[in-house]
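> How does the following fold in three dimensions:
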Amino acid sequence: MTMLDRRLALLGGLAGLSACAAQPTRFPGLAVNEIPPVLAPVRANKNRLFDITACLRPFRAAGPRLDTEMLGDTLVVHNYGHGGSGWSLSWGSGTVVLEKALARGDGNIAVIGCGALGLTTSVMALRMGCGVTLYAKDLLPQTRSVRATGSWTPDSRIALRDPAGPQFGDLWERMARISWKTFRSYLGVAGKPVEFADRYALSDTSFEANRALHEAQNTLGFASYGSRIADLTPGGHMMPPGAPPFPTKYVRRSENLQFNLASYGHTLLGEFYAMGGKMEIREFHAPSEFTQLKQKVVVNCTGYGARTLWKDESIVPVRGQIGWLVPQPEVTYGFNYRDVQVIPRSDGIVVQLLEGGDMRGYNDGNEAVDRAESEEAVGRIAELYSRFT
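Presented below is the predicted three-dimensional model:
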């Protein structure tokens, strides 16, 4: 395929479309049913950045805290510290902690925190027939959870290999499988709160070399468990040379689950209120205040806030920043190129610089936005499209 052919295919020109539909032999080694669709370009211009957000992921080396403790006559079940996997593991994590919360037979539950873990745990408890009051300092749009990329990333900085130990892998797998099955029920729902999208990994160097570099950067030993659920997630595949509508030497295509968090959040809140959930705006300054609640079973889903509230120094901040380009409904694919991640969502196109791998942002508690960082990411995307000329 010539450079012009690639450009026409990517930009959605009629010539590119006919080349894909009528001349499958132009893609050597690629089955007809695997021919890439016509792809609209991302309008990568720093002037189209309409928002930049930064958040702190609550990372714990041993994995999320899911244990229990008694404060007087109040049972507290913890559910925080999921690193970059809060949304992805939320349903499975909620299952684990609710099993512990309901063990004493009291179905009147308080949930603290309205982020990914608090909201999903509340909905799950309501489905189990519990009475639920959700106490929150901030509603979902103001939480750190809503600043997430919205990708299915169940083992993204979830733990370190050695501190977590081999037993955590079993627990992680259970949570991941429960969550995946639950997300399945949100596919096809109005507003597309959860959907699949094609994702392309683009590189001028081999992916083996890239993996070696990322492993060398992983000096702390972040755990990876994805192989344990390989039977669940759709497998990716390398595109043969000349087939992809991209100018890079190596292209890998996959299908990834993603969450449109504006729509997904509205869907969850709608479920919460429809099933009788109650919400109260309240800020807690010390764990002892939990004992003042009328509920005697409390699920603590305070995320990074637990570092201060619970004085949990095991929580390490992992900074992440997202630049938001104006939504483009015609862009239905995401990609990674030169350490920049691009995810198309209905509420904006996510652009995130990932240089440095899992160590990027580690132990960085700064939530101030850096416009230069997001402009650099957008510039790299623009450079990709410039290669089509």
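
> end to end, how far does stretch 282-292 reach?
End-to-end distance of stretch 282-292 (CA to CA, to the nearest Å): 12 Å.

> How far off centre is that stretch?
Stretch 282-292 sits 30 Å away from the centroid of its parent chain (CA atoms, centre = their mean, to the nearest Å).

> which of the residues in that stretch are buried?
By 16 or more other CB atoms under 10 Å, the buried positions in stretch 282-292 come out as 284, 287, 290. Glycine gets a C-beta too; all of them are placed from N, C-alpha and C.

> mind checking the SS state of Leu384?
Of the three states, Leu384 takes helix according to DSSP: H, G, I helix; E, B strand; the rest coil.

> For the residue nearest to it when sequence neighbours are not counted, grab the count of nearby residues.
Excluding its sequence neighbours, the residue lying closest to Leu384 (CB to CB, 6 or more residues apart in numbering) is Tyr337, at 5.1 Å. Close neighbours of Tyr337, defined as other CB atoms under 10 Å, add up to 19.

> mind checking how far the closest residue to Ser224 other than its chain neighbours is from Gly188?
Distances taken as CB to CB, 6+ apart place Asp155 nearest to Ser224, at 5.8 Å, with adjacent residues excluded. Asp155 is 26 Å from Gly188, where distance means CB to CB, to the nearest Å.

> Could you export stretch 372-388 as CSV, CA atoms only?
Coordinates of each C-alpha in stretch 372-388 appear next as CSV, following Å, rounded to 0.1, in the frame of the first residue of the first chain:
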residue,chain,number,x,y,z
ALA,A,372,2.8,22.0,28.5
GLU,A,373,2.6,18.3,29.2
SER,A,374,-0.8,18.0,27.4
GLU,A,375,0.3,20.2,24.5
GLU,A,376,3.4,18.0,24.1
ALA,A,377,1.1,14.9,23.9
VAL,A,378,-1.2,16.6,21.3
GLY,A,379,1.9,17.6,19.3
ARG,A,380,3.0,14.0,19.1
ILE,A,381,-0.4,13.0,17.7
ALA,A,382,-0.2,15.8,15.2
GLU,A,383,3.2,14.5,14.1
LEU,A,384,1.7,11.0,13.5
TYR,A,385,-0.9,12.5,11.1
SER,A,386,1.7,14.7,9.4
ARG,A,387,3.5,11.5,8.2
PHE,A,388,0.6,10.9,5.9
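
> on that earlier part again, would you enumerate the residues in contact with the residue nearest to Leu384?
202-203, 248, 380-381, 384 (CB atoms under 8 Å, 6 or more residues apart in numbering).

> circling back: looking only at neighbour counts, state which of Asp155 and Gly188 leads.
Asp155 (23 against 10).

> Please report phi then psi for the more buried one.
phi -120, psi 30 (degrees, to the nearest 10).

> Restricted to strands, list the contacts of Tyr337.
Counted as lying in strands by DSSP state E, out of these, are 202-203.

> Might you list the low-confidence residue ranges for this protein?
Where the chain drops to pLDDT under 70, the residues are 1-28, 389.

> quick one, helices of it?
Applying DSSP state H to the chain gives helices spanning 3-11, 14-22, 86-101, 116-127, 161-184, 207-217, 261-274, 306-309, 371-386.

> Remind me what the last one packs against, helices and strands.
Contact here means 3 or more CB pairs under 8 Å, 6 or more residues apart in numbering; DSSP states H and E; on that basis helix 371-386 packs against strand 49-60, strand 315-325, strand 333-337, strand 340-345, strand 348-353.

> gap between the first one and the chain center?
This means strand 49-60. Relative to its chain's centre, strand 49-60 lies at 12 Å (CA atoms, centre = their mean).

> By neighbour count, which bits of that strand are buried? Give me those.
For strand 49-60, by 16+ other CB under 10 Å, it's 49, 52-60.

> returning to that earlier point: for the residue nearest to Leu384, give the beta-bridge partners.
Counting by DSSP bridges, Tyr337 is bridged to Leu202, Val340.

> For Val251, see how far away it is.
For Tyr337, the distance to Val251 - CB to CB - is 10 Å.

> got it, and Glu99?
44 Å.

> which of the two has more neighbours?
Val251 (22 against 10).

> Identify the residues contacting the more buried one.
200-203, 238-239, 243-244.

> if you set the cut-off to 10 Å instead, what comes out?
Val251 makes contact with 36, 200-203, 207, 237-241, 243-245, 335, according to CB atoms under 10 Å, 6 or more residues apart in numbering.

> Which one of those residues is nearest to Asn45?
The nearest member of those to Asn45, counting by CB to CB, is Phe335 at 17.1 Å.

> The closest one contacts Val42, doesn't it?
Yes: contact status for Phe335 versus Val42: in contact at 8.7 Å, counting by CB atoms under 10 Å.

> any residues in contact with both of those two?
342, 344, 381, 384.

> Run through the residues that contact Gly94.
Taking CB under 10 Å, 6+ apart as the test, what Gly94 contacts is 79, 101, 111, 116-125, 127, 175, 178-179, 182, 299, 301.

> filter the residues you listed to the buried ones?
Buried among the contacts of Gly94 (16+ other CB under 10 Å): 79, 101, 111, 116-125, 175, 178-179, 182, 299, 301.

> May I have the residues that are in contact with Asp155?
Contacts of Asp155 (CB under 10 Å, 6+ apart): 83-85, 88-89, 169, 172-173, 176, 222-229.

> rerun at 8 Å
Going by CB under 8 Å, 6+ apart, the list of residues near Asp155 reads 85, 172, 176, 223-226.

> are any of these buried, and which?
Among these, those buried by neighbour count (16+ other CB under 10 Å) are 85, 172, 176, 223, 225.

> you'd agree the third one is up against Ile229?
Yes: using CB atoms under 8 Å, Ala176 makes contact with Ile229 at a distance of 5.3 Å.

> got a winner among the shared contacts of Phe335 and Val42 for most neighbours?
That'd be Val342 among the shared contacts of Phe335 and Val42, by other CB under 10 Å, with 26 neighbours.
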